[in-house]
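*Asks:* mind looking at a prediction? Sequence and model below.
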Amino acid sequence: MARFATSNTDEALDLVQDAMLDFVKRYTGRPAAEWHVLFYRILHSRITDWYRRAAVRNRVRYWFMPDDEEGEDPINTIADPAAPDPAELVIRRDTGEALEKAVRQLPLRQRQAFLLRAWEGFDVAQTAAAMGCSEGSVKTHYSRAVHTLRGWLEDYRP
């Protein structure tokens with residue numbers, strides 16, 4: 001979830017680590033059954049804070065950073081000799097990239113509801129607790145996300 005929000009693995013790991021440390025400080029005395037939802041609630045707050053900070057950072061960075069384009073990492077261009085079927089790998093990669101791009105384009109609340117429900121396996125009540133909203137709101141956000149993704153990814157259906 002954090003990686004989708006930040007598009008950067010290192011930043012995502014920092015967010016998750018921050019959320020975990022805050023969780024341990026505040027909620028270790030709570031019953032273990034509540035930990036999963038509480039952690040995602042904290043992570044959601046960290047992601048929201050990251051968006052706010054990123055907006056300010058990007059405004060400042062625009063004025064001070066040169067327009068350098070980074071090239072592709074040479075390691076990514078090396079073929080994997082253990083890959084069984086290059087065509088299948090290309091299809092999987094393209095499908096994965098399309099799904100990732102589509103999920104990133106969803107509005108924040110829809111993206112969070114989709115990731116918590118579909119990828120993390122939360123039920124509606126857990127998702128509502130993690131997102132800090134009603135169960136009806138979760139159902140609405142999730143439904144809209146699924147319908148939007150189906151429309152955008154129609155070409156990738158088997």
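*Replies:* Here it is on my side, so go on.

*Asks:* ok, A12 touching T6?
*Replies:* Yes. Judged on CB atoms under 8 Å, A12 makes contact with T6 at a distance of 5.0 Å. Quick note: C-beta positions are derived from backbone N, CA and C, even for glycine.

*Asks:* which other helices and strands contact the worst-scoring helix or strand of the chain on mean pLDDT?
*Replies:* Least confident helix or strand of the chain, by mean pLDDT, DSSP states H and E, is helix 32-64 with a mean of 81. If you count contacts as 3 or more CB pairs under 8 Å, 6 or more residues apart in numbering; DSSP states H and E, helix 32-64 packs onto helix 2-6, helix 9-27, helix 108-114, helix 124-131.

*Asks:* point out where this protein drops to low pLDDT.
*Replies:* Within the chain, the ranges that satisfy pLDDT under 70 run 59-84, 86, 158.

*Asks:* 80 - rerun?
*Replies:* 54-90, 156-158 (pLDDT under 80).

*Asks:* and the least confident helix or strand of the chain, which residues are buried?
*Replies:* Buried residues in helix 32-64, counted by 16 or more other CB atoms under 10 Å: 37-44, 46-47, 50.

*Asks:* now stretch 110-126
*Replies:* 110-117, 122, 124, 126.

*Asks:* how close does the nearest residue in space to S45 that is not next to it in sequence get to M1?
*Replies:* Spatially, and ignoring its direct neighbours in sequence, S45 is nearest to A19 (7.8 Å; CB to CB, 6 or more residues apart in numbering). From A19 over to M1 the distance is 10 Å, taken as CB to CB, to the nearest Å.
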